[in-house]
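In: Structure for the following, please:
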Amino acid sequence: MDHTLKRRILGLDFGNKTCGVAVSDQLGMSAHGVEIIRREKKTKLRATYRRIGELIEEYDPEKIVLGLPLNMDNSEGWRVEDTYAFRDELVSKFGLPVILTDERLTTVEAYEIMEETGVKREDMHLYVDEIAAMLILQRYMDGSAETRE
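Out: Numbers count the residues shown, from 1 in each chain. Here you go, the predicted structure:
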């Protein structure tokens with residue numbers, strides 16, 4: 001097994017009013033939750049980009065993995081367009097490659113994990129996006145998610 005330290009990967013779960021953030025360990029084996037960046041309105045992204053920039057400075061990732069919210073039939077809905085625009089802005093602002101990764105059912109899985117671990121239902125909204133970001137990043141690192149450049 002290769003134990004060489006690598007540059008980290010930043011994982012993002014981009015939503016209407018939140019952006020869950022995860023980061024890989026330096027061995028590239030596991031995803032760890034970092035935080036949820038929250039905003040008042042869907043279109044108010046300035047603080048979100050600023051915080052992502054701070055996280056990029058802190059973790060020095062080689063790339064970003066961004067969840068792509070495909071429909072269950074593999075079609076692209078309205079949320080995909082927002083995700084493409086967010087990806088384009090990330091590339092423009094930070095110059096890192098952004099890989100789009102199928103995020104279907106990560107939110108459902110995040111809720112299941114919280115239920116299994118005893119998180120109170122009324123508190124689940126506090127963690128769901130961060131856990132979804134971890135799942136998106138972990139699937140990418142495991143090679144089990146469909147990706148798009």
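
In: Tell me if Met124 really is in a helix.
Out: Yes. Looking at Met124 with DSSP: H, G, I helix; E, B strand; the rest coil, it is inside a helix.

In: Provide a list of residues in contact with the residue nearest to it when sequence neighbours are not counted.
Out: Closest residue to Met124 apart from its sequence neighbours, by CB to CB, 6 or more residues apart in numbering: Met114 at 5.0 Å. Using the backbone N, CA and C atoms, a C-beta is placed for each residue, glycine as well. Contacts here follow CB atoms under 8 Å, 6 or more residues apart in numbering; on that basis Met114 touches Met124, Tyr127, Val128, Ile131.

In: Okay, and which of those map to helices?
Out: Val128, Ile131 (DSSP state H).

In: And the contacts of Met114, which of them are buried?
Out: Tyr127, Val128, Ile131 (16 or more other CB atoms under 10 Å).

In: so how far is Leu90 from the residue nearest to the second one when sequence neighbours are not counted?
Out: Residue nearest to Val128 in three dimensions, not counting chain neighbours: Ala110, with 4.9 Å by CB to CB, 6+ apart. Summarising the geometry, the distance separating Ala110 from Leu90, computed by CB to CB, to the nearest Å, is 22 Å.

In: Check Gly15 too.
Out: 15 Å.

In: quick one: what helix or strand has Arg139 in it?
Out: Per DSSP states H and E: Arg139 is located in helix 128-142.
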